[in-house]
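Undergrad: sequence first, predicted coordinates after that:
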Amino acid sequence: MALTDTQIKKAKPGEKPIKLFDGDGLFLHLMPTGSKIWRLAYRVDGKQKMFTIGKYPEITLAIAREKCLEARKHLAAESDPVTQRRDAKKAKTVAAENNFEAVAREWWVHWKHARTSDHHVAQTLRRLEADVFPAIGTRPIAEIEAPELRDIALAIEKRGAGELAKRSLQMCSMIFRYAIAHGKARRNPAIDIKPSDVLKARKVENYARVGAGELPQLLRKIEAYQGKPTTRLAIKLMALTFVRTSELIEARWPEFDLDAARWDIPAERMKMRAPHIVSLSPQAIDVLRTLQTVTGGRELLFPGERDHSRPMSNNTILKALEIMGYKHTMTGHGFRGIASTVLHEHGFEHAHIEAQLAHAEKSSVSAAYNHAVYLPQRVALMAWWGNYIESVGKGNVLPLRKLA
């Protein structure tokens with residue numbers, strides 16, 4: 001006979017568990033403690049199994065019968081309800097472990113070991129907790145789309161922190177790269193966003209540049225450039241060293257020590273009036289060795305076409321890029337922005353990148369004396385950058401930098 005609510009309410013526990021059967025394998029397990037638990041008895045491959053539905057009265061008789069019917073349908077489809085519940089629970093756990101915040105914190109623990117500034121490490125996590133986690137922290141990282149990252153950047157910009165908004169996109173990109181490397185995501189939506197597409201232009205020098213994703217095609221066009229060889233070599237060297245245009249075109253051979261793989265730019269030629277060291281990658285040295293066969297007998301690396309005692313014009317590189325199809329979309333100075341973006345995305349220390357970019361320091365005096373600051377780290381950075389330029393120029397994908 002099928003059970004009734006009255007029977008269930010009146011049922012009293014005994015010294016041992018009691019089974020009150022309802023039908024189709026559904027029964028109420030009355031425990032000595034007084035607990036009443038709905039269970040379903042069934043067989044799979046000749047083996048007796050039991051599926052726990054839930055406690056009474058939270059699970060009423062009507063609900064228990066519905067769940068029993070649902071489980072029977074799974075059995076008819078050769079699906080074990082116990083296995084299905086376990087798989088569903090596992091999937092839910094995996095989803096929770098792969099939400100953006102969980103992966104970001106995992107990335108942060110991995111990333112911080114190569115950092116030299118405890119303040120920078122702590123500040124990075126605080127920025128994630130303040131601006132990013134509240135927006136997408138609970139979202140499965142594999143399901144996040146570019147517009148969600150755009151909204152985060154715009155919210156940060158709205159409070160007057162435009163540079164921080166830009167860095168938030170760079171930070172998210174690093175997290176997605178980590179997720180891809182560890183099989184927790186398949187793509188990086190942050191690379192679909194160029195900060196200038198969503199953020200207001202800053203009221204400072206703003207040089208046009210292509211996105212990092214367009215760099216491979218640009219490098220191939222530079223190689224195929226049919227203009228003057230010295231112009232092509234100048235653009236290649238600029239891509240490899242990301243110095244300012246004036247610093248490049250006014251370069252003189254006495255500033256270079258190719259055996260030591262070093263370029264010392266004197267203070268009077270630097271924007272900040274402080275000497276600057278550029279570590280030369282093997283790729284940069286190769287360009288310079290080639291250039292030596294053309295202009296090695298002169299003082300200037302890139303002498304003007306008519307007057308060899310003067311450097312080539314500022315517009316020479318710009319005009320060459322225009323011929324390649326990059327009018328108003330790329331400048332020589334743009335390589336600095338591309339390098340900054342890519343190096344940040346690959347986990348290089350912000351301070352090391354800024355030092356190599358020769359950006360201004362708070363004190364001009366300290367800048368003059370600290371031109372060699374972080375030099376060992378910058379040597380490694382420039383070597384990696386040379387390999388990166390060579391790799392993407394050939395259409396290869398450079399693996400994620402292994403952090404120490």
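TA: Arrived safely, thanks for sending.

Undergrad: buried residues in stretch 372-380?
TA: Neighbour-count burial for stretch 372-380 flags Tyr374, Gln377, Arg378, Val379, Ala380 (criterion: 16 or more other CB atoms under 10 Å). Just so you know, the C-beta spots here come from the backbone N, C-alpha and C atoms, and that holds for glycine as well.

Undergrad: now, those residues that are in strands?
TA: In strands, judged by DSSP state E, none of these are found.

Undergrad: pLDDT and distance to Ala142 added to those residues, as JSON lines?
TA: Below are the buried residues of stretch 372-380 laid out as JSON lines (pLDDT from 0 to 100; distance: CB to CB, whole Å):
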{"residue": "Tyr374", "pLDDT": "89", "distance to Ala142": "36"}
{"residue": "Gln377", "pLDDT": "94", "distance to Ala142": "33"}
{"residue": "Arg378", "pLDDT": "95", "distance to Ala142": "36"}
{"residue": "Val379", "pLDDT": "96", "distance to Ala142": "37"}
{"residue": "Ala380", "pLDDT": "95", "distance to Ala142": "32"}
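
Undergrad: between those, which is nearest Ile235?
TA: Ranked by distance to Ile235 (CB to CB), the buried residues of stretch 372-380 are led by Arg378 at 22.3 Å.

Undergrad: mean confidence score for stretch 127-135?
TA: Averaging pLDDT along stretch 127-135 yields 93.

Undergrad: what is the end-to-end distance of it?
TA: Stretch 127-135 has an end-to-end distance of 12 Å (criterion: CA to CA, to the nearest Å).

Undergrad: list the contacts of Lys221.
TA: Met324, Gly325 (CB atoms under 8 Å, 6 or more residues apart in numbering).

Undergrad: tell me which element it falls in.
TA: Using DSSP states H and E, Lys221 sits in helix 215-223.

Undergrad: and the helix or strand following that helix, what's buried?
TA: Note on helix 215-223: by DSSP H and E, the next helix or strand toward the C-terminus is helix 229-241. By neighbour count with 16+ other CB under 10 Å, helix 229-241 contains the buried residues Thr230, Thr231, Arg232, Leu233, Ala234, Ile235, Lys236, Leu237, Met238, Ala239, Leu240, Thr241.

Undergrad: want to throw these into CSV with distance to Thr83?
TA: As requested, the buried residues of helix 229-241 are exported to CSV (distance: CB to CB, whole Å):
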residue, distance to Thr83
Thr230, 70
Thr231, 68
Arg232, 64
Leu233, 65
Ala234, 66
Ile235, 61
Lys236, 60
Leu237, 63
Met238, 61
Ala239, 56
Leu240, 57
Thr241, 60
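
Undergrad: ok so, going back, between the buried residues of stretch 372-380, which is nearest Arg85?
TA: Looking across the buried residues of stretch 372-380 and measuring by CB to CB, the closest to Arg85 is Ala380, at 51.3 Å.

Undergrad: ok so, going back, from the buried residues of stretch 372-380, which land in helices?
TA: Among the buried residues of stretch 372-380, the ones falling in helices (DSSP state H) are Gln377, Arg378, Val379, Ala380.

Undergrad: how about a markdown table for those, with distance to Leu199 added?
TA: Shown next, in a markdown table, are those (distance: CB to CB, whole Å):
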| residue | distance to Leu199 |
| --- | --- |
| Gln377 | 29 |
| Arg378 | 28 |
| Val379 | 33 |
| Ala380 | 31 |
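
Undergrad: just give me the closest of these to Glu322.
TA: Among these, and counting by CB to CB, the member closest to Glu322 is Arg378, at 32.0 Å.

Undergrad: and Arg401, what's its pLDDT?
TA: 52.

Undergrad: ok, Ser117 next?
TA: 65.

Undergrad: what does Ala161 give?
TA: Ala161 is given a pLDDT of 81.

Undergrad: pull the contacting residues for Met312.
TA: Here Met312 is in contact with Thr230, Thr231, Ala234, Ile249, Phe302, Pro303, Gly304, Glu305 (criterion: CB under 8 Å, 6+ apart).

Undergrad: quick one: contacts for the fourth one?
TA: Pointing back at Ile249 there. Ala234, Phe302, Pro311, Met312, Ser313, Asn314, Thr316, Ile317 are the contacts of Ile249 under CB under 8 Å, 6+ apart.

Undergrad: in helices only, show me these.
TA: Ala234, Asn314, Thr316, Ile317.

Undergrad: and these, which two are the farthest apart?
TA: Checking these with CB to CB, the most distant pair is Ala234 and Asn314, at 11.5 Å.

Undergrad: related to what we said a few turns ago, next, format the contacts of Ile249 as a markdown table and append distance to Ala358.
TA: Putting the contacts of Ile249 into a markdown table (distance: CB to CB, whole Å) gives the following:
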| residue | distance to Ala358 |
| --- | --- |
| Ala234 | 19 |
| Phe302 | 19 |
| Pro311 | 19 |
| Met312 | 21 |
| Ser313 | 23 |
| Asn314 | 18 |
| Thr316 | 22 |
| Ile317 | 19 |
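
Undergrad: among the residues you listed, which has the minimum pLDDT value?
TA: Out of these, that is Asn314, at 81.

Undergrad: burial of the closest residue to that one other than its chain neighbours, as a residue count?
TA: Nearest non-adjacent residue to Asn314, counting by CB to CB, 6 or more residues apart in numbering: Thr245, 6.0 Å away. For Thr245, the neighbour count with other CB atoms under 10 Å is 20.

Undergrad: and Thr245, how far from Arg273?
TA: For Thr245, the distance to Arg273 equals 17 Å [CB to CB, to the nearest Å].

Undergrad: where does pLDDT dip in the chain?
TA: Across the chain, the ranges flagged by pLDDT under 70 are 1, 87-96, 116-119, 202-207, 360-371, 396-404.

Undergrad: domain parsing for it?
TA: 5-89, 100-198, 212-393 (automatic domain parsing).

Undergrad: now the last one, how far from the chain's geometric center?
TA: The gap between the average C-alpha position of domain 212-393 and the chain average comes to 25 Å, counting by CA atoms, centre = their mean, to the nearest Å.

Undergrad: can you check the shortest one too?
TA: Here the centre of mass of C-alpha atoms in domain 5-89, compared against the chain's by CA atoms, centre = their mean, lies 48 Å away.
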